[in-house]
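**Student:** Sequence and predicted structure are below.
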Amino acid sequence: MALNEQDIARIANLARLELSQGESERMLAQLNDFFGIVEKMQAVDTSGVSPLSHPVAAIQDIALRLRDDVVSEPDNREANMQNAPAAEKGYFLVPKVIE
């Protein structure tokens with residue numbers, strides 16, 4: 001997959017970026033290089049290879065060190081809501097942005 005200048009202009013527009021001609025050309029080259037790497041990775045035959053939870057798991061057994069899921073912070077809802085411009089029933093009120 002190769003991008004062209006129109007693709008870069010559209011992506012910049014969607015991201016609300018203003019790119020100069022030099023920046024646009026550099027972005028085009030970098031993104032095309034990235035997609036080239038992705039295509040090479042997709043070309044590798046990985047059938048029969050099981051997924052790893054950790055890269056080191058391929059060479060040795062590892063035990064994940066998981067911590068207990070415990071509450072470590074006190075309930076500060078009232079203190080947190082003091083600076084809210086609008087709040088109701090412990091929730092922040094925000095303007096509607098989607099119709």
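**Tutor:** Arrived safely, thanks for sending.
**Student:** can you pull the contacts of L64?
**Tutor:** 53-54 (Cβ atoms under 8 Å, 6 or more residues apart in numbering). All C-beta spots, glycine's among them, are computed from the backbone N, C-alpha and C.
**Student:** What of the one 10 residues further on?
**Tutor:** The contact partners of P74, by Cβ under 8 Å, 6+ apart, come to none.
**Student:** again, but for L52
**Tutor:** L52 makes contact with A58 under the criterion Cβ under 8 Å, 6+ apart.
**Student:** pLDDT value on it, please?
**Tutor:** We have a pLDDT of 75 for L52.
**Student:** Assign it to helix, strand or coil.
**Tutor:** Following DSSP: H, G, I helix; E, B strand; the rest coil, the label given to L52 is coil.
**Student:** That one and I11: what is the separation?
**Tutor:** 33 Å (Cβ to Cβ, to the nearest Å).
**Student:** Check G36 too.
**Tutor:** Applying Cβ to Cβ, the value for G36 to I11 is 17 Å.
**Student:** Settle it for me: which of these two has more neighbours?
**Tutor:** Neighbour totals were compared for G36 and I11, and I11 leads with 16 against 12 (other Cβ atoms under 10 Å).
**Student:** these two touch, right, A9 and S24?
**Tutor:** Yes. Look at A9 against S24 with Cβ atoms under 8 Å: they come within range, at 7.1 Å.
**Student:** Now do the contacts for D7.
**Tutor:** Contacts for D7 (Cβ under 8 Å, 6+ apart) come out as L28.
**Student:** State the helix or strand in which it lies.
**Tutor:** Assessed by DSSP states H and E, D7 sits inside helix 5-14.
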